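**Student:** Structure for this input, please:
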Amino acid sequence: MADDVTGKGQGGRLPSRYYDPFQSFRAEMDRLFDSFLTGIPALSTFRQGLPAEEGFTPAWDVKETEKELVVKADLPGMDEKNVQVTIGNGVLTLRGEKESERKEEHGNYHTMERSYGSFQRSIRLPETIDEDKAGARFDKGVLTVTLPKRPETVKAHKKIEIKSS
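**Tutor:** Next up is the predicted model:
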């Protein structure tokens with residue numbers, strides 16, 4: 001099945017390889033609450049002020065070069081002290097917790113809401129990676145993990161001459 005330009009398949013849903021049953025369940029529960037709260041104006045306004053998503057799954061890019069594997073994860077609004085990077089048994093794992101707090105004061109009422117969410121993403125690494133030389137850097141909400149390949153696995157490219165007949 002070909003994806004449309006939005007990257008979504010039929011009915012606006014992501015292709016099955018991206019299907020997350022928990023996200024689907026959450027969307028259905030949100031729909032039910034929204035339909036219930038629509039009839040009660042005060043509750044409907046309250047529901048609109050809630051955070052859209054308390055947990056999240058960070059987007060990441062994985063790039064392999066001749067000498068290394070580089071993983072970049074977007075972690076907006078996070079601090080490096082709330083992120084943990086581990087590697088072992090051929091698996092790289094990113095874990096983190098995100099907290100946010102929102103205060104509102106309107107006339108005679110005050111609201112303060114806190115939301116917490118955590119994530120964990122893992123990726124199996126190729127056997128060519130030298131786990132002992134892995135490094136990570138956090139800059140402006142982007143975590144970059146550099147995983148060098150073992151020198152004996154980095155092969156020099158040999159140019160093959162093409163002969164005409």
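**Student:** what's the burial count for Met29?
**Tutor:** Using other C-beta atoms under 10 Å, Met29 has 10 neighbouring residues. For every residue, glycine as well, the C-beta is placed using N, CA and C.
**Student:** Now the phi/psi pair for it, please.
**Tutor:** Phi and psi for Met29, reported as degrees, to the nearest 10, are phi -60, psi -40.
**Student:** and if you look at Glu28?
**Tutor:** phi -70, psi -40.
**Student:** For Ala52, report the pLDDT, please.
**Tutor:** Note on Ala52: pLDDT of 43.
**Student:** Report how many residues lie close to the nearest residue to Glu113 once chain neighbours are set aside.
**Tutor:** Nearest residue to Glu113, sequence neighbours excluded (C-beta to C-beta, 6 or more residues apart in numbering): Arg102, at 4.9 Å. Residues lying near Arg102 (other C-beta under 10 Å) number 12.
**Student:** Next: Val85.
**Tutor:** Counted with other C-beta under 10 Å, Val85 comes out at 18.
**Student:** What of Ala134?
**Tutor:** 19.
**Student:** Figure out the helix or strand that the residue nearest to Glu113 lives in.
**Tutor:** If you go by DSSP states H and E, Arg102 is part of strand 91-106.
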